[in-house]
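Visitor: attaching a predicted model along with its sequence, questions to come.
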2 protein chains.
Amino acid sequence: MQKVGILGGGQLGRMLLQAAANYPVETFVLENDPDCPSAHLCHHFTRGDIRDFDAVYSFGKGLDALTIEIENVNIDALERLESEGVRVYPKPAVLRIIKNKIRQKEFYTQHGIPTAAYVVTANKAELRAQAAFLPAVHKIGEGGYDGRGVQLLHGSTDLDAGFDAPSVLEKMVRVKKEVALIIAVDAAGKHALYPPVEMVFNPDLNLLDYQLSPAEIPTEALWKVEAIALSVVRHLGSPGLFAVELLIDESGEIFVNETAPRVHNSGHHSIEAHYSSQFDMLWRVLLGFPLGNTKAILPSVMINLIGEPGHSGPARYEGLSEVLGIDNAFVHLYGKRETRPGRKMGHVTLLSAEKQDLVYKAHKVRQVLKVVSDRSSGSGAGATS
Amino acid sequence: MQKVGILGGGQLGRMLLQAAANYPVETFVLENDPDCPSAHLCHHFTRGDIRDFDAVYSFGKGLDALTIEIENVNIDALERLESEGVRVYPKPAVLRIIKNKIRQKEFYTQHGIPTAAYVVTANKAELRAQAAFLPAVHKIGEGGYDGRGVQLLHGSTDLDAGFDAPSVLEKMVRVKKEVALIIAVDAAGKHALYPPVEMVFNPDLNLLDYQLSPAEIPTEALWKVEAIALSVVRHLGSPGLFAVELLIDESGEIFVNETAPRVHNSGHHSIEAHYSSQFDMLWRVLLGFPLGNTKAILPSVMINLIGEPGHSGPARYEGLSEVLGIDNAFVHLYGKRETRPGRKMGHVTLLSAEKQDLVYKAHKVRQVLKVVSDRSSGSGAGATS
């Protein structure tokens, strides 16, 4: 039985481990929080910092393969383990490119992959000199996760909000559609593409409302999206599972926004909506088995279940029974004890042949399902990460 | 978060725990073998004997709900726990009926549920007096599990093979089809039926070849099968998940063979072939959520992966890559370290719209996929149960 380790123990690890139990694999998780969503679903849990060389190296030594569920890991240790014969998917070289937003942008332009125009700013002074480049998005080179490390700079009065560290200043794209596409690549370089999904935003709040699969885009745009995403993954040159996020502007031009070299939020619907899920697929890659079937069973929407504003503390779920009473509604809770405003606590996938039906049910789920805490806001914030 | 315990830690528990991670539930497993298929997938593993009053009682005390993955448990302890407010699904009263083959038969006849004619034999002397009743099947009242406790008695020369203990002697049905049907029942008595499946036997070896879903039976027979199975479950009067096995004879008459008040081998295909699997469904029942969708996504076959004859010891799987290369083939290995001849080591589900395609692939899987041991036969038998 192969021994495979996962760096990070969040919800992505949790869903990976649910799928792992089908395969001949002994699972290992490295994570600081012993109460994390993955801790009780692996064979061996190791408490430790995934950003620390020694923790990662000693965790990975003796394993057959390693993967990640978050990019913010110690790449030096992964390179050493790779040189000593551990299969690390995605390859550490890919993590080096992806983890740093500046290097990621340079990678796209080097390989002729369309991406929004940008300049690199080393510090705030350099940023201030770029007022003419606005409106733009300022993305910090390293250390930006979970929405932190990104600032929208509409005009020169916003420049103060920018980062005083090496960053990318990216021309703002007039986004018509935001799509994402998952690609699996095996050790022989064979690939399998999932159909692109589409992020549908609430126009009032500019918040992600739900994710629709498949994306509604014209056939030629679909071909371009697939070709561009495949080009990204081929140039990365690593086995693994990859999520490529792309923007389509008003004129139909397509830009790569970002790539994640791992299972991804935009692939959660694949658990019920596709024959082989992104989690099933990554195990096939990690263990050297043939790739699975990426076809959709039915169209779907996926709704992230986010901690309600003003609620911090032990999580309680409202509306769960009502949602589970909807035909073909599948709820995934991540087992996090504490909720915080905006924290990802779970997701819901809905299947239906009819788009109208999906949209109607997605709105119903968003109205009905809430993660709240009976402890008053503020008193219990941040008890777990 | 509700605390729910499972008595038994085999493959049924394992698949239950894979599904549990979607729900707000803290999971507990009681099982003697700390290396069992479920041990690493629950929040809390307790080593103990599920047949022992004290072990079951102290395990169940303080839990919100309890279920089983095998009938051979201490029912007295479950009754005490139930009287103290723990939800036990299936109810202990149902386990009393099911666990004893004599009581089970009496239950069917009391409620006018068609079942093969039978006599009760208290010992071997009583059995010998029933030579005129042959051909018949002798089933021991209690303690028969995993194929043990059942003898086919074709003629009077076979009588010596019968049991010298309270048993049921059942007229042999000239079986044309063997079908099984899974029904979920919630606490309010609402039910949901899965389509019946059909067991296809190898005519040469009289071994289960594969299980086909849906069963190929005429519409009126389907209605009868559903009505009979529903009648069984309604008369049992308990929430839970139930598998009713039925026999259809040459003349089209239908008999209930046995009922299992739990997730069951005949429902494994539901993981990929149905929107809501039997495991998902039982969590909905246990936690008080609405029942899921029992419709099939596609027709399917399920093949049990059985330890190869002549192989005992650490398990090795042959042909896994070839099987995983078949379109819509889903492999479930149960994580048992040691194989033994006939031991259930995993299963494979295949989906396809075409029956011919399913049958062809099922035969391919049976040819290709083997569980063997490199240790020579006999040397390592029975190291784990």
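Guide: Noted; the coordinates are in hand.
Visitor: for the rest of this, base every contact and every neighbour count on C-alpha atoms.
Guide: Fine.
Visitor: the helix or strand of chain A with the lowest mean pLDDT pairs with which strands?
Guide: When the helices and strands of chain A are scored by mean pLDDT, DSSP states H and E, strand A:207-213 comes last with a mean of 87. Its sheet considered, strand A:207-213 pairs with strand A:197-202 (antiparallel), strand A:300-306 (antiparallel) by DSSP bridges.
Visitor: longest helix of chain A?
Guide: Ranked by number of residues, the top helix in chain A under DSSP state H is helix A:219-236.
Visitor: identify the residue nearest the closest residue to chain B within the stretch 251-385 of chain A in space, chain neighbours excluded?
Guide: Scanning the stretch 251-385 of chain A for the residue nearest chain B gives residue A:332, at 4.2 Å (criterion: C-alpha to the nearest C-alpha). In space, residue A:332 comes closest to residue B:22 once its chain neighbours are excluded; the distance is 4.2 Å by C-alpha to C-alpha, 6 or more residues apart in numbering or on different chains.
Visitor: any weak-confidence spans in chain A?
Guide: Chain A contains residues with pLDDT under 70 at A:145-147, A:204-207, A:376-385.
Visitor: how's it carved up into domains?
Guide: A:2-88, A:117-171, A:175-373 (automatic domain parsing).
Visitor: residue A:333: what's it in contact with?
Guide: Going by C-alpha atoms under 8 Å, 6 or more residues apart in numbering or on different chains, residue A:333 touches A:345, A:346, A:347, B:21, B:22, B:23, B:24.
Visitor: contacting residues for the second one?
Guide: By that I understand residue A:346. Contacts of residue A:346 (C-alpha under 8 Å, 6+ apart): A:304, A:305, A:306, A:331, A:332, A:333, A:334.
Visitor: work out for me the element it sits within.
Guide: Per DSSP states H and E: residue A:346 is located in strand A:344-351.
Visitor: mind checking how far that strand is from the chain centre?
Guide: 14 Å (C-alpha atoms, centre = their mean, to the nearest Å).
Visitor: kindly report the same for stretch A:152-163.
Guide: For stretch A:152-163, the distance to the chain centre is 26 Å (C-alpha atoms, centre = their mean).
Visitor: who's in contact with that stretch?
Guide: With C-alpha under 8 Å, 6+ apart as the test, stretch A:152-163 has contacts from A:123-124, A:127-128, A:131, A:134-140, A:149, A:151.
Visitor: the residues you listed into JSON lines, with extra columns for neighbour count?
Guide: Formatted as JSON lines, these follow (neighbours: other C-alpha atoms under 10 Å in any protein chain shown):
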{"residue": "A:123", "neighbour count": "14"}
{"residue": "A:124", "neighbour count": "17"}
{"residue": "A:127", "neighbour count": "24"}
{"residue": "A:128", "neighbour count": "15"}
{"residue": "A:131", "neighbour count": "17"}
{"residue": "A:134", "neighbour count": "19"}
{"residue": "A:135", "neighbour count": "18"}
{"residue": "A:136", "neighbour count": "23"}
{"residue": "A:137", "neighbour count": "19"}
{"residue": "A:138", "neighbour count": "27"}
{"residue": "A:139", "neighbour count": "25"}
{"residue": "A:140", "neighbour count": "26"}
{"residue": "A:149", "neighbour count": "16"}
{"residue": "A:151", "neighbour count": "18"}
